[in-house]
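Visitor: Got a predicted structure plus its sequence, pasted below:
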Amino acid sequence: ATYLGGTFANSGTAGYFGGGNTGSYTATVYKWAFSDDSRTTLGTGLDVAITYLTGMANSGVAGYFPGGYKASAPISAARKLTFSTDGIATVASVLSVAGYGCSAFANSGTAGYIGGGNRGGPSAVVDKLTFSSDSSSALGTGLAAVTQHMCGFANESTLA
């Protein structure tokens, strides 16, 4: 059993589940093909075992696992999975304050948003990751209250 991992989908193609805790932190990434419900384990996986991460996707391009907890410390980077190759790279400093247990959602083709979480305590911070440049910044307006361990959503302009 795995819990506290991150998820996202490449609309109409596949869903991904990465990281989490199986009794210890894991770097495993699973891919489910929507066409036949088959599951594969990506050979690349995450570069490090991470738990308490979240996920969001720029459908057709890439999915992101932002934040999380590794080696007894919260992180500010995101792991970016490029859909065309299933390759994974690190995008540094996506979160303005390192955190875990955050929530994420995306406006596919434009930007992803990562909010709340534990960033030295429950947080109201919201960071925006612009997909075209993989650059991020904290929004001036955060959440109305401090939160952690919420769910996410997406805006898909076209669904398969």
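Guide: Yes, it's here.
Visitor: So, low pLDDT: which residues of this protein?
Guide: 152-160 (pLDDT under 70).
Visitor: any idea how far Tyr69 lies from Val94?
Guide: 15 Å (CB to CB, to the nearest Å). Yep, even glycine has a C-beta here, placed from its N, CA and C like the rest.
Visitor: which of these two has more neighbours?
Guide: Val94 (26 against 23; other CB atoms under 10 Å).
Visitor: What is the burial count for the closest residue to Val126 other than its chain neighbours?
Guide: Leaving aside its sequence neighbours, Val126 sits nearest to Gly115 (CB to CB, 6 or more residues apart in numbering; 4.1 Å). Neighbourhood size, Gly115 [other CB under 10 Å]: 23.
Visitor: Identify the bridge partners of Gly115.
Guide: With DSSP bridges applied, Gly115 shows beta-bridge pairing to Ser103, Val126.
Visitor: what sits against it?
Guide: For Gly115, the contact set (CB atoms under 8 Å, 6 or more residues apart in numbering) comprises 102-104, 124-127, 142-143, 147, 150.
Visitor: Apply the buried test to those residues and list what passes.
Guide: 102-104, 125-127, 142-143, 147 (16 or more other CB atoms under 10 Å).
Visitor: which among those gets closest to Phe83?
Guide: Checking the buried ones among the contacts of Gly115 against Phe83 by CB to CB gives Ala104 as the nearest, at 16.9 Å.
Visitor: how close does that closest one get to Gly45?
Guide: Ala104 is 20 Å from Gly45, by CB to CB.
Visitor: One more: Asn107?
Guide: 28 Å.
Visitor: again with Lys70
Guide: Lys70 is 13 Å from Gly45, by CB to CB.
Visitor: For stretch 39-47, which outside residues touch it?
Guide: 18-19, 27-33, 65, 79, 86-88, 90.
Visitor: same check, this time on stretch 124-131
Guide: 58, 61-62, 64, 66, 78, 91, 94-97, 99, 109-117, 119, 135-139, 141-147.
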